[in-house]
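*Asks:* what follows is a protein structure lacking sequence information:
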Ligand code: NAD
């Protein structure tokens, strides 16, 4: 079987092994593939593995009759025209979960940054600020204790629940809102019936919803105005859940106190993206998923998905 990995670099920049895939066939691995060269590179392949390169109806048609399988090396599979794949009887799989704990950890990396600014204080210490300080210590931001603060979680699925457990361990009060879950699967977390309570009561809001027509832009000027002025917003879900111009304005005018964002509506963002320069706003380049442990689980799942397909008992199928 000819297998083509179209954009393998972010999954395995060199610290993991593609060995499992090599055991399944003849494999071509590309670090990145411009959309215009997908057809040329994947010509003759029975299986392609893809992360972010769009696989359109036209591409699928040009890869017939050889193409039988598309393995998405991610949870979200909106890059593949699923309808076209289904019509052509091409099986598409995804990896439903691999990074839950890594993403939950990143929420706290951002939250601890906002509450204690460890890297900033270490860096200014390195530059001599402490040595030159007239006092025996200094700090440039309010230092905030988490115990007793309220964490409001929006979307209480896999990652939201993992965040809830960590928040409880930090001694926080935890409330959660989910459009489909009304009883808390995590003891100690109170489910609330509306976003209103999350917005008004939370000291920290952490977003864990998928991007859908309902969630797109759900954090906007109107909702930001309902939050406490001292509140922090953490977004590790999808960038477009937040209206970026509205959030930038809220941060710059003190409507809320700070934000930690791992995702933006356009990735990579244009240099003039308003949140990159917003006040007390910390943006990381979509890396919550990318711990070595999580990528190893992801790569293993990509291999096992393809193996199951070859053995005639496919798993994690999203094209039916
Ligand atoms: P999940 O499907 O387990 O949970 C999502 C939850 O959101 C579900 O419980 C669902 O009922 C709820 N929900 C859906 N629509 C809602 C709405 N309108 N209002 C309130 N709740 C709603 O998903 P997950 O695995 O926990 O992932 C959560 C998010 O994290 C997704 O957006 C995913 O794309 C993102 N993610 C980001 C990274 C990263 O690296 N930053 C990595 C993995 C996942």
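*Replies:* Right, received. Where do you want to start? In this text the structure is predicted, and so the values were computed from the model without any measurement.

*Asks:* all contacts plus neighbour counts: C-alpha atoms, from now on.
*Replies:* Fine.

*Asks:* residue 144 reaches residue 116, doesn't it?
*Replies:* Yes - using CA atoms under 8 Å, residue 144 is in contact with residue 116, at 6.7 Å.

*Asks:* more neighbours, these two?
*Replies:* Taking neighbours as other CA atoms under 10 Å, residue 144 and residue 116 compare with residue 116 leading, 17 against 11.

*Asks:* list the contacts of that one.
*Replies:* By CA atoms under 8 Å, 6 or more residues apart in numbering, the residues touching residue 116 are 141, 142, 143, 144.

*Asks:* one more time with 10 Å
*Replies:* Residue 116 makes contact with 139, 140, 141, 142, 143, 144, 145, according to CA atoms under 10 Å, 6 or more residues apart in numbering.

*Asks:* include distance to the ligand and secondary structure when you put those into a markdown table, please.
*Replies:* Putting the contacts of residue 116 into a markdown table (distance: CA to the nearest ligand atom, whole Å; DSSP: H, G, I helix; E, B strand; the rest coil) gives the following:
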| residue | distance to the ligand | secondary structure |
| --- | --- | --- |
| 139 | 30 | coil |
| 140 | 29 | coil |
| 141 | 26 | coil |
| 142 | 27 | coil |
| 143 | 26 | coil |
| 144 | 25 | coil |
| 145 | 25 | coil |
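
*Asks:* pull the most distant pair out of the residues you listed.
*Replies:* Within the contacts of residue 116, 140 and 145 form the most distant pair, 15.6 Å apart (CA to CA).

*Asks:* more neighbours, those two?
*Replies:* The residue with more neighbours, out of residue 140 and residue 145, is residue 145; 13 against 10, by other CA under 10 Å.

*Asks:* could you look up the SS state of the nearest residue to the more buried one once chain neighbours are set aside?
*Replies:* Leaving aside its sequence neighbours, residue 145 sits nearest to residue 115 (CA to CA, 6 or more residues apart in numbering; 7.2 Å). At residue 115, secondary structure determined by DSSP: H, G, I helix; E, B strand; the rest coil is helix.

*Asks:* most remote residue from the middle of the protein, which is it?
*Replies:* Here the chain reaches farthest from its C-alpha mean at residue 134, the gap being 42.9 Å by CA atoms, centre = their mean.

*Asks:* any idea how far that one is from the ligand?
*Replies:* 41 Å (CA to the nearest ligand atom, to the nearest Å).

*Asks:* now swap in residue 223 and tell me
*Replies:* 14 Å.

*Asks:* shouldn't residue 191 be in contact with residue 161?
*Replies:* No - if you go by CA atoms under 10 Å, residue 191 and residue 161 don't touch, sitting 11.3 Å apart.

*Asks:* mind listing the shared neighbours of those two?
*Replies:* Each of 153, 176, 184, 185 lies in contact with both residue 191 and residue 161 under the rule CA under 10 Å, 6+ apart.

*Asks:* give me phi/psi at the closest residue to residue 50 other than its chain neighbours?
*Replies:* What sits nearest to residue 50 in space, not counting adjacent residues and going by CA to CA, 6+ apart, is residue 72, at 5.0 Å. Here is the backbone geometry of residue 72 (degrees, to the nearest 10): phi -90, psi 130.

*Asks:* give the contact list for residue 72.
*Replies:* 5, 48-53, 78-80, 92-95, 302, 305, 318.

*Asks:* show me where the stretch 1-150 of the chain has strands.
*Replies:* Assigned by DSSP state E, counting those that start in this stretch, the stretch 1-150 of the chain shows strands spanning 2-5, 26-29, 47-50, 69-72, 91-93, 150-154.

*Asks:* let me fix that: the stretch 201-320 of the chain
*Replies:* Remark: strands assigned in the stretch 201-320 of the chain by DSSP E, counting those that start in this stretch are 204-207, 232-235, 258-261, 281-283.

*Asks:* make CSV out of those and add distance to residue 293, mean neighbour count and mean pLDDT.
*Replies:* As requested, the strands of the stretch 201-320 of the chain are exported to CSV (distance: least, CA to CA, whole Å; neighbours: other CA atoms under 10 Å; pLDDT from 0 to 100):
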stretch, distance to residue 293, mean neighbour count, mean pLDDT
strand 204-207, 23, 26, 99
strand 232-235, 22, 25, 99
strand 258-261, 22, 26, 98
strand 281-283, 22, 19, 98
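
*Asks:* these two touch, right, residue 104 and residue 166?
*Replies:* Yes - judged on CA under 10 Å, residue 104 makes contact with residue 166 at a distance of 7.8 Å.
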